[in-house]
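Participant: only the shape, not the letters, is given here:
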């Protein structure tokens, strides 16, 4: 009887440790998403975790926005999202939602074949089409142009060796983007 009780306690202990490992440990190792809201520029975006730093870029009229720093510092950003406001005008880019499909395809092909981009796609953000690009070259960046009242440009900043693992959180952030 003692042996059976000991075996039962042993199995219960193993079960409890396994349950703890399955439920609690993943909660501790994954950072919870963080929603960053900027009232000055009228947007919110869900980040993979809380930024280590937020750098305001309203130093000039041409450069308005914020840099969300997830790794590094103001002198050397190793991982971040640059969010510019009023980054382009309607003259710089045609209204994607007003373009006929054939014309939109031709525009995307032009951007793809100009030599600077390896990926060009139109993605829905806030139920409106946005232009999503990934450039070619040594300094790989994903840049998304969101047409709205404020014409936002959201850029993923990451070293090449970490780009693939950081593109998914960036894409998830884009899906969550809301202009106010």
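Facilitator: Here it is on my side, so go on. Remember, predicted model here, so these are calculated numbers, not experimental data.
Participant: which residues of the protein fall in helices?
Facilitator: 2-29, 101-113, 160-176 (DSSP state H).
Participant: what sits against residue 143?
Facilitator: 132, 133, 134, 135, 153, 154, 155, 156 (Cβ atoms under 8 Å, 6 or more residues apart in numbering). Just so you know, the C-beta spots here come from the backbone N, C-alpha and C atoms, and that holds for glycine as well.
Participant: show me what it bridges to in the sheet.
Facilitator: As for beta bridges, residue 143 partners with residue 133, residue 155 under DSSP bridges.
Participant: low-scoring stretches of this protein, by residue?
Facilitator: 1-31, 59-61 (pLDDT under 70).
Participant: swap the cut-off to 80 and go again
Facilitator: Scanning the chain for pLDDT under 80 picks out the ranges 1-32, 58-62, 137-138.
Participant: domains in it, by residue range?
Facilitator: Domain ranges of the chain: 1-30, 32-179, per automatic domain parsing.
Participant: most tightly surrounded among those?
Facilitator: domain 32-179 (a mean of 15; mean count of other Cβ atoms under 10 Å).
Participant: count the neighbours of residue 180 for me.
Facilitator: When neighbours are defined as other Cβ atoms under 10 Å, residue 180 has 11 of them.
Participant: returning to what we had before: out of the contacts of residue 143, which comes closest to residue 90?
Facilitator: Nearest to residue 90 among these: residue 153, at 13.9 Å, using Cβ to Cβ.
Participant: thanks again, I'm all set now.
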